[in-house]
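1. Predicted model, plus sequence, below.
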Amino acid sequence: MSGRLIKWSVKLGEYDVKYEARPTIKSQVLVDFVGDNTPMKCMEEDSHENEKGLWKLSVDGSSCVSGSGAGLVLTNPDGWTLEYALRFGFKATNNEVEWEALIA
């Protein structure tokens with residue numbers, strides 16, 4: 001095996017080929033993208049006058065061996081809330097469950 005590696009190393013050496021390790025892409029990339037591209041004006045919690053007329057959606061999901069599910073709470077500008085629970089019939093990670101809940 002080492003003979004083959006040396007042979008390839010010599011052959012590729014004349015082309016000045018260099019190996020650079022590719023960094024791993026973590027699942028946090030999508031969350032960071034959404035967070036970076038979300039308008040902050042709607043998310044300011046200090047200013048309650050900007051929140052008049054806005055609906056709020058809270059989503060949370062979880063996954064375990066026995067299944068996965070999610071919960072949603074939708075609140076209208078008057079404070080009335082609608083709660084909804086979802087149970088998924090497929091295996092998924094916690095992040096996938098939360099995205100499925102948001103889509104629902």
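-> That came through, no problem. Numbers count the residues shown, from 1 in each chain.

2. Would you mind giving the secondary structure of the nearest residue to Ala104 once chain neighbours are set aside?
-> Here the nearest residue to Ala104 in space, its sequence neighbours aside, is Leu86; by Cβ to Cβ, 6 or more residues apart in numbering that works out to 5.8 Å. Bear in mind the C-beta positions are built from the backbone N, C-alpha and C, glycine included. Leu86 falls in the strand class when you classify it by DSSP: H, G, I helix; E, B strand; the rest coil.

3. Ile6 versus Leu86, what's the distance?
-> 58 Å (Cβ to Cβ, to the nearest Å).

4. Looking at the two, which one has more neighbours?
-> Comparing Leu86 with Ile6 by other Cβ atoms under 10 Å, the one with more neighbours is Leu86, at 15 against 10.

5. what residue lies at the spatial centre of this protein?
-> For the chain, the residue sitting closest to the mean C-alpha position, by Cα atoms, centre = their mean, is Val31 at 4.0 Å.

6. OK, contacts around that residue?
-> Shown in contact with Val31 (Cβ atoms under 8 Å, 6 or more residues apart in numbering): Asn95.

7. List the contacts of the helix or strand harbouring Gly3.
-> In this structure, Gly3 sits in helix 2-13 according to DSSP states H and E. Outside helix 2-13, no residue is within contact range by Cβ under 8 Å, 6+ apart.

8. which residues of the chain score low on pLDDT?
-> Within the chain, the ranges that satisfy pLDDT under 70 run 1, 17-30, 40-52.

9. let's see 80
-> 1-6, 8-53, 102, 104 (pLDDT under 80).

10. number of nearby residues for Phe33?
-> Neighbours of Phe33 under the rule other Cβ under 10 Å: 10.

11. Tell me if I am right that it is in a strand.
-> No - with three-state DSSP as the criterion, Phe33 is located in helix rather than a strand.

12. Please report the distance of the closest residue to Trp55 other than its chain neighbours from Ile103.
-> Counting by Cβ to Cβ, 6+ apart, Trp55 lies nearest to Asn76, which is 5.6 Å off, once chain neighbours are set aside. Going from Asn76 to Ile103 by Cβ to Cβ gives 21 Å.

13. Pick out whichever of these two has more residues nearby.
-> More crowded of Asn76 and Ile103, by other Cβ under 10 Å: Asn76, with 12 against 7.
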